[in-house]
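Chemist: Could you work out the structure for the sequence below:
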Amino acid sequence: MPRRRAKWIGAFATYVALGLATALVLVPLAWALSTSLKTPSDVFASPPRWLPATIDLSNYTRGLFTPKFMRYILNSVLVVAGAMVVSVGLAVHAAYAVSRFKFRAKNVLLMVIWSTVMIPGVSIIVPLYLLAVDLGIYDTLFVVVLAYSAWLVPTLIWLLRGFVDTIPYELEESAFVDGCSRLKTFYVVVLPLMRPGLAAASVLVFVTIWNDFLLAFSLTLRDENRLLQVGLYSFVTDMGIEWGPLMAATIGSTIPVVIAFALLQRHFIQGLTGGAVKG
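Modeler: Below you'll find the model as predicted:
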């Protein structure tokens, strides 16, 4: 009986903790959805109202379905696609090299690469800004793609390296016997088996860039080059904050992330767990 009671208490505590964690995530989103449907008088009502007295869909017209907002989304999609190609493309080759080849100071090099992740992003904003200006690429989507790619490559190398370690080397040896070169073996044998890991890396790139504000804000100036999260800041004006349109645009910006996780959740989890277990 004491053992069964302890097991029941542990299960109850687990569900309570999970419920609280879920509430911490969903309550702000529920409040944002509620605010996006409120009139200005309901937004500033005291005491606050969870449910709007009158549903106002004009917030979505003013905040979400506008040419400016669609431009922000297009910029974000272009940057995500470009950074995904560059960062994942570089990381997958580097991960294969550090997993399969032996060379001097390999572990030291990996630690140096990994240590760059620990550098706070705010500490390199000024050097990045000055470098972009000197190269003449400031206020372009190209410099944003380069900056995000450089930021994400170290993390992706470690993620994909663990996944390459789980692929049996005997498969590559069989390809060598059949006359395949090292490069052809990588593309024909190893890369197809890394699809879950590549999916996990792609989701990581997408979520990181889609939700980031600092780099995109610092490296772009013109409104037509702003990314989505920076564009949301345009609702904060000298006259005040347009809470209704801002929350409508915020809800719209979360939809692509939800869709990406819904479509790639299985591959994302398989990629992370596959890279964590060797053998």
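
Chemist: Contacts for stretch 81-94, please.
Modeler: Applying Cβ atoms under 8 Å, 6 or more residues apart in numbering, the contact partners of stretch 81-94 are 141-142, 145-146, 148-149, 152-153, 156-157, 159-160, 186, 191, 194, 198, 201-202, 205-206, 209. C-beta: built from backbone N, CA, C; applies to glycine.

Chemist: So which residues of this protein form strands?
Modeler: For the chain, the strands defined by DSSP state E occupy 236-237, 240-241.

Chemist: Name the strands paired with the last one and say parallel or antiparallel.
Modeler: Right, the one you point to is strand 240-241. strand 236-237 (antiparallel) (DSSP bridges).

Chemist: so P256 makes contact with W210?
Modeler: Yes - with contact defined as Cβ atoms under 8 Å, P256 counts as touching W210 (6.8 Å).

Chemist: Now list whatever residues contact both of the two.
Modeler: Common neighbours of P256 and W210 (Cβ under 8 Å, 6+ apart) do not exist.

Chemist: Which neighbouring elements make contact with the helix or strand bottoming out on mean pLDDT in the chain?
Modeler: Of the helices and strands making up the chain, the lowest-confidence element is helix 243-276, at a mean of 75, by mean pLDDT, DSSP states H and E. For helix 243-276, the packing partners by 3 or more Cβ pairs under 8 Å, 6 or more residues apart in numbering; DSSP states H and E come out as helix 2-36, helix 40-43, helix 58-63, helix 141-165, helix 195-211, helix 228-231.

Chemist: if we can go back for a sec, so for L228, which of the strands of the chain sits nearest?
Modeler: Ranking the strands of the chain by proximity to L228 (Cβ to Cβ) places strand 236-237 first, at 14.9 Å.

Chemist: angle of the least confident helix or strand of the chain against helix 195-211?
Modeler: Inter-element angle recorded for helix 243-276 and helix 195-211: 150 degrees (by axes from the mean of the first three to the mean of the last three Cα atoms, to 10 degrees).

Chemist: going forward, begin numbering at 54 instead of 1
Modeler: Sounds good: first residue 54 from here, last item helix 296-329.

Chemist: I'd like the strands of the chain as CSV, with mean neighbour count, mean pLDDT and distance to E226 appended.
Modeler: As requested, the strands of the chain are arranged in CSV below (neighbours: other Cβ atoms under 10 Å; pLDDT from 0 to 100; distance: least, Cβ to Cβ, whole Å):
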stretch, mean neighbour count, mean pLDDT, distance to E226
strand 289-290, 10, 79, 59
strand 293-294, 10, 80, 62
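
Chemist: Can you lay out these as TSV showing distance to V132?
Modeler: Shown next, in TSV, are the strands of the chain (distance: least, Cβ to Cβ, whole Å):
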stretch	distance to V132
strand 289-290	22
strand 293-294	26
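
Chemist: Which one, of those strands, ends up nearest to A313?
Modeler: strand 289-290 (26.9 Å).

Chemist: which residues are in contact with that closest one?
Modeler: L299.

Chemist: for stretch 258-278, how far is the first residue from the last?
Modeler: End-to-end distance for stretch 258-278: 20 Å, by Cα to Cα, to the nearest Å.

Chemist: Okay, now the unreliable bits of the stretch 54-203 of the chain?
Modeler: 54 (pLDDT under 70).

Chemist: Chain neighbours aside, what residue packs nearest to the residue nearest the centre of the chain?
Modeler: Centroid-nearest residue in the chain: V260, 1.7 Å away (criterion: Cα atoms, centre = their mean). What sits nearest to V260 in space, not counting adjacent residues and going by Cβ to Cβ, 6 or more residues apart in numbering, is V310, at 6.2 Å.

Chemist: sorry, back to before: show me just the buried residues among the contacts of stretch 134-147.
Modeler: 194, 198-199, 201-202, 205-206, 209-210, 212-213, 239, 244, 247, 251, 254-255, 258-259, 262 (16 or more other Cβ atoms under 10 Å).
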